[in-house]
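Student: With the sequence up front, the predicted model follows.
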Amino acid sequence: MARKPNVHIIATGGTIAGRADSASATVGYKAGELTLEQLMASVPGLDKLANLTGEQLCNIDSKDMQEDVWLKLARCVEKAAARDDVDGIVITHGTDTMEETAYFLQLVLKTEKPVVLTGAMRPATAISADGPMNIWQSAQVAADASAKGRGVLVVMNGQIDAAEKVTKINVNALQAFQSPGFGPVGRIVDENIFWQNCGVAHTERRNKCSGSGTTGNAGNMFSNSKLIFPLDNLTQLPKVRLIYGYVGGDDDIFVKAALQDGAKGLVYAACGNGSVPEKLMGVLREAVTSGVPVVIATRCGGGVVVLSEEMTEKNGFIASGPLNPQKAKILLQLALTKTKDVKEIQGIFKIGK
Ligand code: SIN
């Protein structure tokens, strides 16, 4: 008989642990109310799927997630992953910032064991709450040896997405997460897990991709996955601010305020492929000259930001590549813990290497 796998669950809050006054309410509830034990008890037969252990790291609405909690969470995951009696880890999390936590973990964790984030769009008290099935399917993926070495994953509504690419694209629908331009890395149907689209990460990702035939190029697009910034003695992330591009948003007050506030780096979410308004160019160039790296991302929600040589060589801007602005911010923060050199940071962001 096959050995029953061991799954460790770390609960952090979110709608999946949310409670509303009425069973038909899908908004206006309080996130982060149910405990880990209550969540586990809401999934019939979970203990038959895997031997379970768990811990409650916090119980918050993920809009209140903080970087110091990320550091605690990452250490918690590393500790659990180091245990011989843990095969995989599930993290329950609010959906609003789940993609950011997933990407942060992707960049700092060294483990090859499956690490899966999940949440819910409906509170635990709702009719047809999606949380229990999401927990079940996450545990299924975390317990499965085929999920090893694929990096940090997000499992929601039967779909598996990679941390680098996944983003929340809908505020109501159960199918709230997508990986624009890339697609999910897998799907779950009952006891079956179907991997697709190079769902692999870390150093193994490209090897697995090159063997997959149809998706060879995706290995390059995911090259950031090879980056690992070990936690070591990291206690704080450098302050990086995000500036959003829009019509009429070309005055420099937010950039100046961010710099005055001690920002060590900036990410500009441009309207298109790195198109910075003329009026902002001066202040952003000054930021680079004064030693504050500037990453140009896009608010478009898809595509790969590639900058002209003038933007990178003359102005010293850094292209976000396939990373959305909120993920580019995380990579810049971690890059800044290693170097302030613009060329080196450009290298860290560079795709295709
Ligand atoms: C949260 O992100 O904590 C609230 C929203 C959700 O989980 O869907």
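Tutor: Right, received. Where do you want to start? Numbers count the residues shown, from 1 in each chain.

Student: From residue 313, how far out is residue 330?
Tutor: 25 Å (Cβ to Cβ, to the nearest Å). The C-beta positions use only the backbone N, C-alpha and C, and glycine is treated the same way.

Student: neighbour count winner among the two?
Tutor: residue 330 (24 against 12; other Cβ atoms under 10 Å).

Student: and the more buried one, what element?
Tutor: Counting by DSSP states H and E, the element that carries residue 330 is helix 325-336.

Student: Moving C-terminal from that helix, which element do we reach first?
Tutor: helix 342-349.

Student: Report the mean confidence score over that following helix.
Tutor: Mean per-residue pLDDT for helix 342-349: 96.

Student: what does stretch 63-75 give?
Tutor: Per-residue scores along stretch 63-75 average to 98.

Student: tell me which strands and helices the longest helix along the chain is in contact with?
Tutor: Counting residues, the longest helix found in the chain (DSSP state H) is helix 67-81. Helices and strands touching helix 67-81, by 3 or more Cβ pairs under 8 Å, 6 or more residues apart in numbering; DSSP states H and E, are strand 6-13, strand 51-60, strand 88-92, helix 98-108.

Student: And the ligand, is that helix touching that?
Tutor: No. Using Cβ under 6 Å from any ligand atom, helix 67-81 never reaches the ligand; the gap is at least 12.5 Å.

Student: got a list of contacts for that helix?
Tutor: 8, 10, 12, 55, 57-58, 60, 86, 89, 91, 101, 104-105, 108-111, 113, 115, 231, 234-237, 333 (Cβ atoms under 8 Å, 6 or more residues apart in numbering).

Student: Compute the inter-axis angle for that helix and strand 88-92.
Tutor: Helix 67-81 runs at 150 degrees relative to strand 88-92, counting by axes from the mean of the first three to the mean of the last three Cα atoms, to 10 degrees.

Student: what about the helices in the stretch 101-250 of the chain?
Tutor: 131-143, 204-210, 218-221 (DSSP state H, counting those that start in this stretch).

Student: let me redo that: the stretch 251-353 of the chain
Tutor: Under DSSP H, counting those that start in this stretch, the stretch 251-353 of the chain gives helices at 253-260, 278-289, 309, 325-336, 342-349.

Student: Kindly reformat those helices as TSV and extend each row with distance to the ligand.
Tutor: Output for those, formatted as TSV (distance: least, Cβ to the nearest ligand atom, whole Å):
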stretch	distance to the ligand
helix 253-260	25
helix 278-289	31
helix 309	40
helix 325-336	14
helix 342-349	27
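
Student: Could you identify which of those is most buried?
Tutor: Among the helices of the stretch 251-353 of the chain, helix 325-336 has the highest mean neighbour count (mean count of other Cβ atoms under 10 Å), at a mean of 23.

Student: for it, packing partners?
Tutor: helix 98-108, strand 240-244, strand 265-270, strand 294-298, helix 342-349.

Student: Make CSV out of the ones you listed and add distance to residue 75.
Tutor: Listed next are the helices and strands packed on helix 325-336 as CSV, based on distance: least, Cβ to Cβ, whole Å:
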stretch, distance to residue 75
helix 98-108, 9
strand 240-244, 21
strand 265-270, 24
strand 294-298, 27
helix 342-349, 23
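
Student: Residue 309: which of these is closest?
Tutor: Smallest distance to residue 309 across those (Cβ to Cβ): 11.7 Å, for helix 342-349.

Student: got the contact list for the closest one?
Tutor: 224, 227, 288, 293, 295, 312, 316, 318-321, 323, 328, 331-332, 335-336, 338-339, 353.

Student: That helix to helix 325-336, inter-axis angle?
Tutor: 130 degrees.

Student: shaky segments in the stretch 201-350 of the chain?
Tutor: 201-226 (pLDDT under 70).

Student: Quick check: residues of this structure near the ligand?
Tutor: 13, 14, 15, 31, 61, 62, 63, 94, 95, 96, 119, 121.

Student: for the first one, what are its contacts?
Tutor: So the one you mean is residue 13. 31, 32, 58, 59, 60, 61, 62, 92, 93, 94.

Student: What of the last one?
Tutor: Taking Cβ under 8 Å, 6+ apart, we find residue 121 in contact with 15, 26, 95, 130, 172, 173, 174, 176.

Student: My read is that the fourth one contacts residue 174, right?
Tutor: This means residue 130. Yes. The criterion here is Cβ atoms under 8 Å, and residue 130 meets it with residue 174 at 5.2 Å.

Student: Now for those two: what residues contact both?
Tutor: 121, 122, 156, 157.

Student: Which one of those sits in the busiest neighbourhood?
Tutor: residue 156 (27 neighbours).

Student: Pull the contacting residues for the closest residue to that residue other than its chain neighbours.
Tutor: Computed as Cβ to Cβ, 6 or more residues apart in numbering, the closest residue to residue 156 that is not its neighbour in sequence is residue 177, at 4.8 Å. By Cβ under 8 Å, 6+ apart, residue 177 lies in contact with 95, 98, 99, 154, 156, 157, 159, 161, 166, 167, 168, 169.
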